[in-house]
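Peer 1: Sequence and predicted structure below; questions after.
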Amino acid sequence: DTGVMALMNNPATLTMQKDSHQLSLGLTNMFLDIGYKPNGGTRHASESSFFPLPSLGITKKLLNGKLFTGIGLMTQGGMGSNYGTALDFSPMIPDNKDHMSGNYHAFSEVMYMKTVVPVAYKLNDMISIAGALSFGFMSMKMESLMSGQMMSTMMGGKAADEKIPGMHNSSFNDMQHGEHAAMLANNYGINQGFINYGYMSMVDQNAATGFGVGGFDLGVTIKPIENLNFGFTYKSKSMMNKLQGKANMMLNGQMFHPTYGSFMGNMSMPMYSDVAIDFQWPQAFAAGASFNVFKCLTVVYDINWINWADTMNTLTFELSNNTVVTPDMSTGYIGEDYGVENELKEDFAFNLTQKWQDQIVHKIGLQYEIEPKFIVRAGFNYGNNPIPAEHLNPLLGATSTTHYTAGFTYTANDSFSIDAAYTYT
């Protein structure tokens, strides 16, 4: 009996519930030491180190213990980091380091919560089956610098005048390195420009959020003999709507002033866009077994497959309804009071390449009943790191491969019990 946690794991284990109904309140507090250290650089610690994960659920036994159902609000997971303005972007964008100026925040936060409605049925004393449907809410916040290469991809490899006024026939791929203005003028004529890098802010009221079907779960438990249980569960890929939000961007670059016949130096051009992001939680399959070695000792083993390769290959940001503020060529000034707002005719998109691999996680645990009211547990799990080193992104964090766990259950009376656990990684 795993209580309401059956909604997160295998819903078929609801049929092991002894009470007519259960109400569960839970809070998991994650304290993480996250840092980023580029090759040959200094390690920067993330300011985000505390992540609370609440849960709430109620389950009920019906039809004389044959049918079980309930509802739960669970935090599926999340990721994020906050380096403030301390992160050195130069190793990440080496070809732009000579053009970088100002303080740039490096921040990300992804949160995924879902409401789960399960139905479990006990076919007989040996087999139970279950299904669950979930509805999810997801939120994404981000602040990050974007390289000239990324800007090039977003603009389709070039910045023609039909995309950004004043930027003519100039390939970002060719010009992101910051060639001298004279060479640009000779090669491309007047009204030229190039982007050194961009900066995107998608936080607070601009955060991207989305609702949708969180997916479905299928579960089964089999008890062939008294002391042995097997469990199998499948969790589908989520079917969330695209996250919708706002992106405030700064495009740092240079533009050619036709009147003076020279470039106007580095300047930041604001750009405002609607953003859409297709972000899904992966499908997964798990199988496990538990064996009561003695009446008071139980050994458990699980193996999980998580299909990260499907959902974390490329993260695409789609930008629409774009407005960029360019300099007023009659004055050479830019800003809210002097710049010219231009509604761009085309939508853009840029990718964050992830190329995560699928993950296999092995889990083993021991449960020992000291007395009926007090049960202690210990466990260990190991999973391969799904994130390739060449695509490790300090804003999206990393995945620990090993976890050590310890916990207990204290049953005060027939109506109240306390569970506590600690995980070290």
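Peer 2: The structure has been received and is ready for your questions.
Peer 1: Which stretches in the stretch 51-200 of the chain count as strands?
Peer 2: 67-84, 106-122, 127-147, 193-202 (DSSP state E, counting those that start in this stretch).
Peer 1: Tell me which of those strands approaches residue 374 most closely.
Peer 2: Evaluated over the strands of the stretch 51-200 of the chain, closeness to residue 374 peaks at strand 67-84, with 26.2 Å, by CB to CB. All C-beta spots, glycine's among them, are computed from the backbone N, C-alpha and C.
Peer 1: The closest one: partners in the sheet, and parallel or antiparallel?
Peer 2: strand 50-62 (antiparallel), strand 106-122 (antiparallel) (DSSP bridges).
Peer 1: most packed of these?
Peer 2: Burial of these is given as mean neighbour count (mean count of other CB atoms under 10 Å); strand 106-122 ranks first at a mean of 21.
Peer 1: If you average pLDDT over each of the strands paired with strand 67-84, which is lowest?
Peer 2: The weakest mean pLDDT among the strands paired with strand 67-84 belongs to strand 50-62, with a mean of 87.
Peer 1: Now do the contacts for the residue nearest the centre of the chain.
Peer 2: The centroid of the chain falls nearest to residue 110 when counting by CA atoms, centre = their mean (4.4 Å). Each residue near residue 110 by CB atoms under 8 Å, 6 or more residues apart in numbering is listed here: 78-80, 138-141, 279, 396.
Peer 1: again, 6 Å this time
Peer 2: Counting by CB atoms under 6 Å, 6 or more residues apart in numbering, residue 110 makes contact with 78-80, 140.
Peer 1: From what I see, residue 283 and residue 233 are in contact.
Peer 2: No. Using CB atoms under 6 Å, residue 283 makes no contact with residue 233, being 11.4 Å away.
Peer 1: Looking at those two, which one has more neighbours?
Peer 2: Remark: of residue 283 and residue 233, residue 233 carries more neighbours, 24 against 17, as counted by other CB atoms under 10 Å.
Peer 1: The more buried one: which element?
Peer 2: Secondary structure assignment for residue 233, by DSSP states H and E: strand 228-235.
Peer 1: Check which strands are paired with that strand and give the direction for each one.
Peer 2: Strand 228-235 is paired, per DSSP bridges, with strand 208-225 (antiparallel), strand 284-292 (antiparallel).
Peer 1: May I see the ones you listed organised as JSON lines, with distance to residue 11 added?
Peer 2: Formatted as JSON lines, those follow (distance: least, CB to CB, whole Å):
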{"stretch": "strand 208-225", "distance to residue 11": "5"}
{"stretch": "strand 284-292", "distance to residue 11": "12"}
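Peer 1: Highest mean neighbour count out of the ones you listed?
Peer 2: Ranked by mean neighbour count, these are led by strand 208-225 with a mean of 18 (mean count of other CB under 10 Å).
Peer 1: so where do the helices sit in the stretch 301-425 of the chain?
Peer 2: In chain order, the stretch 301-425 of the chain shows helices spanning 308-311, with DSSP state H, counting those that start in this stretch as the criterion.
Peer 1: could you point out where it is predicted with low confidence?
Peer 2: Scanning the stretch 301-425 of the chain with the threshold set as pLDDT under 70 gives 326-340, 342, 344-345, 397-398.
Peer 1: residue boundaries of the strands in it?
Peer 2: Using DSSP E, counting those that start in this stretch, strands in the stretch 301-425 of the chain cover 314-326, 340-343, 348-353, 359-371, 374-383, 402-413, 416-424.
Peer 1: which other helices and strands contact the fifth one?
Peer 2: Going back to what we said before, that points to strand 374-383. strand 359-371, strand 402-413 (3 or more CB pairs under 6 Å, 6 or more residues apart in numbering; DSSP states H and E).
Peer 1: Just want the angle from that strand to strand 416-424.
Peer 2: Angle, strand 374-383 to strand 416-424, by axes from the mean of the first three to the mean of the last three CA atoms, to 10 degrees: 30 degrees.
Peer 1: Buried residues in strand 374-383, which are they?
Peer 2: 375, 377, 379, 381, 383 (16 or more other CB atoms under 10 Å).
Peer 1: now do the fourth one
Peer 2: By neighbour count on 16+ other CB under 10 Å, the buried set for strand 359-371 is 359, 361, 363, 365, 367.
Peer 1: Can I get the buried residues of strand 374-383 in CSV including distance to residue 205?
Peer 2: Below are the buried residues of strand 374-383 laid out as CSV (distance: CB to CB, whole Å):
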residue, distance to residue 205
375, 46
377, 43
379, 42
381, 39
383, 37
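Peer 1: Considering the residues you listed, which is situated nearest to residue 197?
Peer 2: residue 383 (35.5 Å).
Peer 1: which residue sits closest to the closest one in space, ignoring its chain neighbours?
Peer 2: Closest residue in space to residue 383, ignoring its immediate chain neighbours: residue 361 at 3.6 Å, by CB to CB, 6 or more residues apart in numbering.
Peer 1: what's the answer for residue 316, then?
Peer 2: Using CB to CB, 6+ apart, the nearest residue to residue 316 is residue 351, at 5.3 Å.
Peer 1: quick one on the thing from earlier: dig out what the residue nearest to residue 383 forms beta bridges with.
Peer 2: residue 304, residue 383.
Peer 1: and it, what is it in contact with?
Peer 2: Applying CB under 6 Å, 6+ apart, the residues contacting residue 361 are 304, 381, 383.
Peer 1: I figured the last one hits residue 358, correct?
Peer 2: No. Contact between residue 383 and residue 358 fails when scored by CB under 6 Å: they sit 10.4 Å apart.
Peer 1: circling back to that earlier point, and the residue nearest to residue 383, how far from residue 313?
Peer 2: For residue 361, the distance to residue 313 equals 20 Å [CB to CB, to the nearest Å].
Peer 1: Please apply the same query to residue 34.
Peer 2: Counting by CB to CB, the gap from residue 34 to residue 313 is 23 Å.
Peer 1: between those two, who's got more neighbours?
Peer 2: Using other CB under 10 Å as the criterion, residue 34 and residue 313 rank with residue 34 on top: 18 against 15.
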